[in-house]
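**Student:** Need coordinates for the following:
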Amino acid sequence: MAAIRVQSLDDIVSAYFKSLGFSGKNLEKAVAALLTKHRFEIETDDVIAALEEILQKNLDENFADVDLPDMSKRAWFKTAFLLLDGAEKWGVGAFTGEIADKDYAGQIKGLNLCQVPGYKVSHMAPQKIEPPHPLKVFSRIFRGFYRNKK
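**Tutor:** The predicted model follows:
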């Protein structure tokens, strides 16, 4: 049988913040700060969903003018956060919305990330596929070879 290792709450939160670019001392500070402030919200069966909900509250407050569905807005924020190295600049405060530098929202919006347009379903006319004839290639090569000898 395979051994199953149950992850601690600290490990799960730490892995989540690693995916947002946190490392070293910043990672330790972010995990400690989040667990002290939001431990009761996070201690659920689905820790990641609880972390996403905390992030969504921040986005609803600070990025209300960004017109995207919730999941897309979280992805937009995470992408901008990673591109701007938000873990080093703003730390966990940008994630929870408890940051002294309110200009971070302007910097993230200033990145001008936009979602690709929706797809449009259209009809594609079937195309005729001709199979390759490798013997024709050889016959052309040899035909030229014999013509040059005459």
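**Student:** Can you tell me the element residue 39 falls in?
**Tutor:** Assigned by DSSP states H and E, residue 39 belongs to helix 24-42.
**Student:** Show me what that helix is packed against.
**Tutor:** Here helix 24-42 touches helix 9-18, helix 47-62, helix 86-89, helix 92-96, going by 3 or more C-beta pairs under 8 Å, 6 or more residues apart in numbering; DSSP states H and E. Backbone N, C-alpha and C define where each C-beta goes, glycine included.
**Student:** Pull out the buried residues from the third one.
**Tutor:** Same thing as helix 86-89. For helix 86-89, burial by neighbour count (16 or more other C-beta atoms under 10 Å) applies to 86, 87.
**Student:** Return that helix as PDB; C-alpha atoms alone will do.
**Tutor:** This file holds the C-alpha atoms of helix 86-89, laid out as PDB (Å, rounded to 0.1, in the frame of the first residue of the first chain):
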ATOM      1  CA  GLY A  86       4.100  41.700  -5.700                       C
ATOM      2  CA  ALA A  87       5.500  39.300  -3.100                       C
ATOM      3  CA  GLU A  88       8.600  41.500  -2.800                       C
ATOM      4  CA  LYS A  89       6.800  44.800  -3.300                       C
END
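**Student:** For that helix, name the packing helices and strands.
**Tutor:** Right, helix 86-89 is packed against helix 24-42, helix 104-110 by 3+ C-beta pairs under 8 Å, 6+ apart.
**Student:** okay, these in a markdown table with mean neighbour count next?
**Tutor:** Listed next are these as a markdown table, based on neighbours: other C-beta atoms under 10 Å:
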| stretch | mean neighbour count |
| --- | --- |
| helix 24-42 | 15 |
| helix 104-110 | 16 |
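**Student:** Redo the ones you listed as TSV? Include mean pLDDT.
**Tutor:** Shown next, in TSV, are the helices and strands packed on helix 86-89 (pLDDT from 0 to 100):
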stretch	mean pLDDT
helix 24-42	86
helix 104-110	84
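**Student:** Put together TSV for those, with distance to residue 56 on each row.
**Tutor:** Listed next are the helices and strands packed on helix 86-89 as TSV, based on distance: least, C-beta to C-beta, whole Å:
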stretch	distance to residue 56
helix 24-42	12
helix 104-110	15
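**Student:** Where does pLDDT dip in the chain?
**Tutor:** Residue ranges of the chain with pLDDT under 70: 1-6, 100, 144-150.
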